Structures are given as structure tokens and as C-alpha cells.
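**Student:** Sharing a model that was predicted from the sequence below.
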Amino acid sequence: MPVGFGFSVGDFIATLNLVHDAIEAINDARGSSASYRALIRELYVLESALLRVKNLQLEDELEIEKRALEQTAAQCQRAIDEFFAKIQVYQPHLRGGGSGDGTRARMKDAWMKVKWAFCKEEDVDKFKADLRGHSTSIQLLLQTIEMKNASIRARKAENQRGTIAGQVQNASAALMSSVSSISSGIMRSLQQGKEQLAITTKIMQQNFQIFNMVRDIHKFFSGLPYQIQRDQPVYMIDAFGRWTPFHLEFIRSSDALLAVLRVNFEAAGVGTEKIDRRQIAFEDAATRREIDIAKNWESCFRPGQRVAMSVIFEDTSRGVTRLSTCPHCLTEQQGTSDSDIEWY
């Protein structure tokens, strides 16, 4: 039985939708400069790569590689989210809620409200370099997997060696063409500055490492007996910093998990308002991916997974949400805005 690893096809589709919404938002912005036209081109390249991954048809032997590729491709969502969080600093009007009930509707509204003239050019340049790194690594992984797929089909169709060999040759030619195109892109990047090239290269290396790691994990767990997999609990660190493991055989829904958390909060002598309002968040400790327990429960957690729980505090007393201020002593945390803060 396949292991979910807390990642579903729905997560990948959500990433594809996010890229599409970002393209629409920038396209609809009047008076966009050449810099933003270049940003749209990078987003189009990334969207094209994601669509290729979505429509990829592979032999059964490459199912693990396909799942690893989808999870690697979805990493670009984090770069998009980080860019949006960064430009919020000098666009406070983005912090209000958008129209619509769904998460995608709110995110799309937020992107449409971006005042691109307020964006700093260095932020946009770094964002373009991040996108280029993701799209390039996805394209290379696609070419490699397609070559493997052609080889497998060749072994299955001995009587069609000539045709299949031509497919392998075409795939090889496509790979060489892609490498050549990437080399040309790197040369253009050199003209744009060594810093952007370093960012792109770093993203590519990270994506290759993520792909190999996810593929190896899938292979390892697919070889374990099903009972061993199911016997492991989900290891959760709760909002008090305590290990709170739970078994998926007993916690079978988000309501059941919230009920357990309410009991724990009451036992600790604190109120349960945050849980009742769902002002809590869960994150995979290994991948830093946010886990939305409102989605399909089966795709949220897996046996043996390590999860961190956080409580969300928002100070709107001055009309601006301050996510870096301690809710108790009002001390403001200095440093990056894209990392968790532990308050005591």
C-alpha cells in the first residue's frame, strides 16, 4: 500500500494554481515595467514546466520518481509565498482579508491588490532568480525521467526496437537541447550579475537534493511491511513544546485531533479559544510544509511523521498585524520574517 507522506496531488495542483494566479495579477497591473515583463516570462516558463509534470504519463516502474518529481516541483510555492510575505512589509494594505471563502480565493485577491510600483527591484530580481532555479531543475528532472521511461518502454517492446530507439534518441536530443538552452540562460544570467546566478544555482541544487531524498524515502517505506508502517504514531510537538504522539488508528479526523488538543489545553490551565477559532497551525518538521487539517484527513499525516504545532497571535491594536511581537511582553523580534518565533 503506498505511503502518503503528507503530500497529495491536490498540493501540487494548488501550487500550479498559485503560479497561474500570480501571472494573472502581474498581467493585469497597468504600467508594469520591463522588469515585471521579465518576471511574467519566468512565471510562464515555470507554469509550463509544472503543466508538463501534471500531464506526465509514465510506466508503473517510475511511479516513485513521478511522486518525487511532483513533490520537488511543489517546492516553488514556498519561494512565491516568501516573496509575497516580503513585499507585505511595505504594502500593509495587503494584510487585510480578501473576498471569497476559499483559501485560493483569498490568495488570488491578495495578489491582485499588489501595487507593483512599491516593490523593490532587488526583491523582484531575487524572485526571478528563484523562479529560474525551480523551472530549470524541474525541466532537467523531467528530461531525465522521460529518458528512463523511454528505456523501459524499449525493453517492453523488443519487436519495436527501431521505433523505441528513435524515441530514446529524440529524448536524448531534447535533453541536450535543454542543456544547451540552460547554458545560454546561464550566460544571460552572468550578464545580469553573479548574485542572481548563485541564487539560481542554489535553488537547482536544493531541488535535486529534495528529489533524491524524497525518492529514497518512498523506496524505503514502500519496502516495509504495512503493519510496521501503521504501528508508528505521528510525533507532534504541541504549543507547549511537549511531545504529543498520536496514532492514526485512533485519531481519524481533524475533529478528533482538536478534541484531544482541547483536553491538553484545559489540563495545562489555559483556554481553548485558539483551538475553537482554529488559530493554530501544523507544519511538517522535515519539509517545513504547512499541513492544512481542513483538507482530506488521509493526506494530512503519515505514520512516523514529525509535526510541529504553533498558535497564531495577531496584534491589530494599531490597525496593522504584527506577527513578530510577543503577545505577552510585547517585545518585538528582530531578524527574518520568514521563520518561526518561540516565545516563553
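**Tutor:** Perfect, I can see it now.
**Student:** Hmm, Ala308 is touching Ala286, no?
**Tutor:** No: Ala308 sits out of contact with Ala286 when judged by CB atoms under 8 Å, with a separation of 10.2 Å. Backbone N, C-alpha and C define where each C-beta goes, glycine included.
**Student:** Just want to know which of these two has more residues nearby.
**Tutor:** Ala308 (18 against 13; other CB atoms under 10 Å).
**Student:** So for that one, what's the pLDDT?
**Tutor:** With respect to pLDDT, Ala308 scores 91.
**Student:** does it belong to a helix or a strand, and which?
**Tutor:** strand 306-311 (DSSP states H and E).
**Student:** and that strand, C-alpha only, in CSV?
**Tutor:** Extracted in CSV, the C-alpha atoms of strand 306-311 (Å, rounded to 0.1, in the frame of the first residue of the first chain):
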residue,chain,number,x,y,z
ARG,A,306,7.2,14.6,12.9
VAL,A,307,5.0,17.6,13.2
ALA,A,308,5.3,20.9,15.0
MET,A,309,2.2,22.8,16.2
SER,A,310,2.0,26.6,16.6
VAL,A,311,-0.5,29.0,18.0
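**Student:** Quick check: buried residues in it?
**Tutor:** For strand 306-311, burial by neighbour count (16 or more other CB atoms under 10 Å) applies to Val307, Ala308, Met309, Ser310, Val311.
**Student:** which strand residues sit across from Ile291 in the sheet?
**Tutor:** Phe282 (DSSP bridges).
**Student:** Could you verify my assumption that it touches Gln305?
**Tutor:** No: judged on CB under 8 Å, Ile291 makes no contact with Gln305 at a distance of 9.0 Å.
**Student:** Give the residue from these two that has the larger number of neighbours.
**Tutor:** Higher neighbour count among Ile291 and Gln305: Gln305, with 22 against 19, using other CB under 10 Å.
**Student:** quick one, phi psi at that one?
**Tutor:** phi -70, psi 150 (degrees, to the nearest 10).
**Student:** tell me what the lengthiest helix in the chain is packed against?
**Tutor:** Secondary structure of the chain per DSSP state H: the longest helix is helix 121-156. Contacts defined by 3 or more CB pairs under 8 Å, 6 or more residues apart in numbering; DSSP states H and E place helix 121-156 against helix 34-54, helix 63-73, helix 76-88, helix 161-192, helix 194-222.
**Student:** Just give me the lowest mean pLDDT stretch among the ones you listed.
**Tutor:** helix 161-192 (a mean of 61).
**Student:** Spatially nearest residue to Phe208 (excluding sequence neighbours)?
**Tutor:** Ser137 (6.1 Å; CB to CB, 6 or more residues apart in numbering).
**Student:** measure the one you found to Ile203 for me?
**Tutor:** 7 Å (CB to CB, to the nearest Å).
**Student:** Alright, calling it a day.
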